[in-house]
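Visitor: here is my input, please return the structure:
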Amino acid sequence: MADEALTAGAVARRLGVAVTTLRTWHQRYGLGPSHHVPGQHRRYTAEDLDRLQVMRRLTAQGVPPSEAASWARRLSSASTLEPLEPPPAPKPARDGGGNTIPTGRAGPVARGVARAAMRLDAPALREILASTVLERGVVAAWKEVMMPVLIGIGERYEATKRFIEVEHVISRAITEVLSSVPRPPSSEIPHVLLAAADEELHTLPLEALAAALAEAGVPTRLLGARMPPQALVDAVTRTGPDVVVLWSQLSSTAHVAQWEKLLTGGHRPPLAAAAGPGWPAEGLPDGVVRLGSLDEGVRMIAALFESGARHTAAS
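Guide: Have a look, this model is predicted:
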């Protein structure tokens with residue numbers, strides 16, 4: 001990153017803070033961007049980012065902002081972070097991986113989201129995720145940022161049996177951001193019905209599919225979690241969708257009988273798709289296809305509508 005100059009938004013995503021926080025640190029403590037081209041907004045250099053990383057680390061450890069800023073300003077481009085930190089306060093034992101959410105090779109934005117999630121900083125999470133969706137689109141934001149962080153939180157939970165609160169705050173932020181993706185006009189009748197299997201509580205992947213399809217101009221109905229088989233049949237009969245996607249995260253919720261009841265319930269949709277890792281690799285009823293990923297689901301469903309194969313459903 002030697003020659004890279006970053007915008008405030010890019011720096012905020014890397015640090016896992018809101019842009020307004022960067023603005024406050026600049027105005028109050030002088031930790032602002034130093035690179036300036038006449039006629040353009042100032043940009044943050046690698047040295048600026050190093051100082052801001054010290055500021056974020058120290059404030060996250062409870063150091064008062066003014067004191068943290070004093071330490072951060074002493075950073076030069078050749079110095080290391082370690083000598084700048086004040087004597088550390090006692091920290092809890094790492095206990096199976098510590099308090100860091102692993103994100104693998106997902107990149108700096110995912111690491112920024114993970115930091116904000118660990119701080120339970122909901123405003124920063126919403127801001128970072130919303131800008132990521134705007135810049136990359138729903139599918140890329142889900143695959144490159146949201147999923148790696150959610151998987152990392154799951155790994156931390158398995159190792160420590162902690163951080164349920166972290167999972168809740170980021171799940172809520174993801175829901176809010178995905179639901180804010182503009183939908184097709186309300187005059188367009190949805191012919192795609194999305195639901196979770198009976199007793200299935202995980203719905204974020206369905207919310208991502210609904211948002212991604214909205215980007216593609218395809219309206220949907222999202223019924224949500226724990227859809228009883230008879231209620232699903234009633235909804236399909238009442239609305240006559242061309243596509244039904246049933247999500248199962250866990251094998252304990254992936255009962256094939258749900259599909260059998262749906263497919264014999266009166267209205268058989270042209271496309272019936274089983275999504276999620278819970279469904280068995282084999283043994284689904286004839287006519288039920290598997291969706292292996294979010295982008296595959298978007299391509300398949302959008303292609304159905306673009307080809308004109310959709311018929312007019314009952315409203």
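
Visitor: list the buried residues in the helix or strand hosting Glu158.
Guide: Assessed by DSSP states H and E, Glu158 sits inside helix 147-160. By neighbour count with 16 or more other C-beta atoms under 10 Å, helix 147-160 contains the buried residues Met147, Pro148, Val149, Leu150, Gly152, Ile153, Glu155, Arg156. For every residue, glycine as well, the C-beta is placed using N, CA and C.

Visitor: what's the closest of those to Tyr29?
Guide: Distances from Tyr29 to the buried residues of helix 147-160, taken as C-beta to C-beta, are shortest for Val149 (28.6 Å).

Visitor: now tabulate the buried residues of helix 147-160 in a markdown table and tack on distance to Arg136 and pLDDT.
Guide: Shown next, in a markdown table, are the buried residues of helix 147-160 (distance: C-beta to C-beta, whole Å; pLDDT from 0 to 100):
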| residue | distance to Arg136 | pLDDT |
| --- | --- | --- |
| Met147 | 13 | 96 |
| Pro148 | 13 | 96 |
| Val149 | 15 | 96 |
| Leu150 | 17 | 96 |
| Gly152 | 19 | 95 |
| Ile153 | 21 | 95 |
| Glu155 | 24 | 92 |
| Arg156 | 25 | 92 |
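
Visitor: make a markdown table from these and add distance to Leu294 to it.
Guide: Output for those, formatted as a markdown table (distance: C-beta to C-beta, whole Å):
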| residue | distance to Leu294 |
| --- | --- |
| Met147 | 9 |
| Pro148 | 14 |
| Val149 | 15 |
| Leu150 | 13 |
| Gly152 | 18 |
| Ile153 | 19 |
| Glu155 | 21 |
| Arg156 | 23 |
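
Visitor: widest-spaced pair of those residues?
Guide: Greatest spatial distance among the buried residues of helix 147-160 (C-beta to C-beta): Met147 and Arg156, at 15.0 Å.

Visitor: that older thread, quick one: which of the buried residues of helix 147-160 is nearest Arg226?
Guide: Closest approach to Arg226 among the buried residues of helix 147-160 (C-beta to C-beta): Leu150, at 19.8 Å.

Visitor: OK, contacts around that closest one?
Guide: Counting by C-beta atoms under 8 Å, 6 or more residues apart in numbering, Leu150 touches Glu167, Ile170, Ser171, Ile174, Leu204.

Visitor: which residue ranges of the protein form strands?
Guide: 192-196, 221-222, 243-247, 271-275, 288-291 (DSSP state E).

Visitor: can those strands go into CSV with extra columns for mean neighbour count, distance to Ala110 and mean pLDDT?
Guide: Formatted as CSV, the strands of the chain follow (neighbours: other C-beta atoms under 10 Å; distance: least, C-beta to C-beta, whole Å; pLDDT from 0 to 100):
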stretch, mean neighbour count, distance to Ala110, mean pLDDT
strand 192-196, 26, 25, 97
strand 221-222, 17, 25, 97
strand 243-247, 27, 23, 97
strand 271-275, 22, 23, 96
strand 288-291, 17, 24, 94
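
Visitor: closest to Thr24 out of these?
Guide: For the strands of the chain, the distance to Thr24 is smallest for strand 221-222, at 37.3 Å, taking C-beta to C-beta.

Visitor: low-scoring stretches of the stretch 51-200 of the chain, by residue?
Guide: Residue ranges of the stretch 51-200 of the chain with pLDDT under 70: 61-62, 75-98.

Visitor: now the helices for it?
Guide: Using DSSP state H, counting those that start in this stretch, the helices assigned to the stretch 51-200 of the chain run over residues 65-73, 108-118, 122-136, 138-141, 147-160, 164-179.

Visitor: which non-adjacent residue is nearest His202?
Guide: Distances taken as C-beta to C-beta, 6 or more residues apart in numbering place Gln249 nearest to His202, at 3.9 Å, with adjacent residues excluded.
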